[in-house]
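Trainee: Sequence and computational prediction follow.
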Amino acid sequence: MTLHLTGDAAADALLSDDPFALLLGMLLDQQIAMETAFAGPAKIQERIGTLDPATIAGYDADAFAEVFRATPAVHRYPGSMAARTQTLADVIVREWNSDAAGIWTAGDPDGDEILRRLKKLPGFGEQKARIFLALLGKRLGISAPGWRDASGPYGEDGCFRSVADIVDAESLGRVRETKRAVKAAAKKA
């Protein structure tokens, strides 16, 4: 299944085909536009020639931060997000034998176990882990028992809460509307 998150066919194909790219896009999805965050893996691959977790983990930290700073920037906080990306890559190498998909496939885990594994990743708190689990279930068809329950409200059918609900430009707009309404309600309270 091809994801439609960036508005760029090549970047979306990379996210659809490379589990580490998708995980990395989710990591980058904070304090920048979602399309920019999920286009980040394609920018990194274009600039260093690979998204191999071992290569990224072992890249010189200063040089990797420069990869993030190059125009157009990978992230508005290039130094900290480059470091967080390298930390994530290191975890994937050490704990998952460079196989990011192992997080949701190794040992045939259920939804609760996948959520637990995601929350252990650097940069993945409760909400981000639930959203990513919903993305796996809704858009990539993982069939782990209990994934919907483990992903909380993000796993609900017919909602437009997160990146997990985006299939085209219209659904992207609906997700943005929902996020604006949630922020407005939080401000009011």
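Mentor: Nice, thanks for sending it over. Numbers count the residues shown, from 1 in each chain.
Trainee: gap between stretch 155-166 and the chain center?
Mentor: Its chain's average C-alpha position is 15 Å from that of stretch 155-166, according to CA atoms, centre = their mean, to the nearest Å.
Trainee: Report how far apart the opening and closing residues of that stretch are.
Mentor: This stretch, stretch 155-166, spans 13 Å end to end (CA to CA, to the nearest Å).
Trainee: Where does the prediction get shaky in this structure?
Mentor: Applying pLDDT under 70 to the chain flags no residue at all.
Trainee: Please enumerate the helices of the protein.
Mentor: 9-17, 19-28, 34-48, 53-58, 61-69, 78-96, 102-105, 111-119, 126-139, 147-150, 169-188 (DSSP state H).
Trainee: Please identify the deepest-packed of the ones you listed.
Mentor: helix 19-28 (a mean of 25; mean count of other CB atoms under 10 Å). Using the backbone N, CA and C atoms, a C-beta is placed for each residue, glycine as well.
Trainee: still on that earlier bit, a markdown table for the helices of the chain, including distance to residue 157?
Mentor: Formatted as a markdown table, those follow (distance: least, CB to CB, whole Å):
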| stretch | distance to residue 157 |
| --- | --- |
| helix 9-17 | 21 |
| helix 19-28 | 21 |
| helix 34-48 | 21 |
| helix 53-58 | 33 |
| helix 61-69 | 36 |
| helix 78-96 | 30 |
| helix 102-105 | 20 |
| helix 111-119 | 15 |
| helix 126-139 | 8 |
| helix 147-150 | 8 |
| helix 169-188 | 13 |
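Trainee: Which one of those lies nearest to residue 2?
Mentor: When those are compared by CB to CB, helix 9-17 sits nearest residue 2, at 4.7 Å.
Trainee: Would you tell me which of the helices of the chain gets closest to residue 3?
Mentor: With CB to CB as the yardstick, what comes closest out of the helices of the chain is helix 9-17 (4.8 Å).
Trainee: any idea how far residue 55 is from residue 20?
Mentor: 11 Å (CB to CB, to the nearest Å).
Trainee: ditto for residue 98
Mentor: Counting by CB to CB, the gap from residue 98 to residue 20 is 8 Å.
Trainee: How about residue 52?
Mentor: Counting by CB to CB, the gap from residue 52 to residue 20 is 8 Å.
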